[in-house]
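S.K.: Quick one, what's the 3D model for this:
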Amino acid sequence: MNKVEIFDPAMCCSTGVCGPSVDPELTRVAAAVYSLEKKGFNIKRYQLTSNPDKFAENDEITRVFKEKGPDALPVVLVNDKCVKVGSYPTNEEFAAWFEVNEEELNEKPKVRLSINLNQL
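M.R.: Sure thing, here's the model as predicted:
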């Protein structure tokens, strides 16, 4: 089974739904990663702001940083080898790496909110 690691640039969240506008690319990637994780695949996502240790510990990421600087992010490793620099994987790439159909990558996390209007 393949191991995929995505090293994100510094940002406030990985979903793309925070800030003044929604980033559809981040939303797509978040949905794909969520779907793959839910199926038990070995996929991890690290943010520079919240996981700097993962960046510092990884020799391949250190090499990319030395060669291209932090503007090279996102960086994608498959089985510890750099396969993509400067852009996120397409759903086609995710599907190939994990041998799934692209349609399986569109599941979005469901959050249930409970609001008691009597307490407002």
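S.K.: which residues of this protein score low on pLDDT?
M.R.: Along the chain, the model assigns pLDDT under 70 to residues 12-21, 107-120.
S.K.: Next, name the residue at the spatial heart of it.
M.R.: Closest to where the C-alpha atoms of the chain average out (CA atoms, centre = their mean) is R45, at 4.4 Å.
S.K.: partner residues bridging it?
M.R.: Taking DSSP bridges as the rule, R45 bridges to I6.
S.K.: now it: how far from E67?
M.R.: For R45, the distance to E67 (CB to CB, to the nearest Å) stands at 22 Å. Where you see a C-beta, it was placed from the backbone N, CA and C, and this is true even at glycine.
S.K.: Quick one: end-to-end length of stretch 44-60, please.
M.R.: 15 Å (CA to CA, to the nearest Å).
S.K.: For the protein, just list every one of the helices.
M.R.: Ranges of helices within the chain are 24-38, 52-57, 59-68, 91-98, based on DSSP state H.
S.K.: what would those helices look like in CSV with distance to N2 and mean neighbour count?
M.R.: Formatted as CSV, these follow (distance: least, CB to CB, whole Å; neighbours: other CB atoms under 10 Å):
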stretch, distance to N2, mean neighbour count
helix 24-38, 10, 18
helix 52-57, 18, 13
helix 59-68, 15, 14
helix 91-98, 5, 18
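S.K.: Spatially, and excluding backbone neighbours, which residue is closest to K54.
M.R.: Nearest residue to K54, sequence neighbours excluded (CB to CB, 6 or more residues apart in numbering): Y46, at 4.2 Å.
S.K.: again, but for T49
M.R.: A10 (4.5 Å).
S.K.: Thought Y46 was touching that neighbour, still the case?
M.R.: No: shown here, A10 and Y46 do not form a contact pair, counting by CB atoms under 8 Å, at 11.3 Å.
S.K.: Compare these two and say which is more crowded by neighbours.
M.R.: Each of A10 and Y46 has its neighbours counted (other CB atoms under 10 Å); Y46 has more, 20 against 11.
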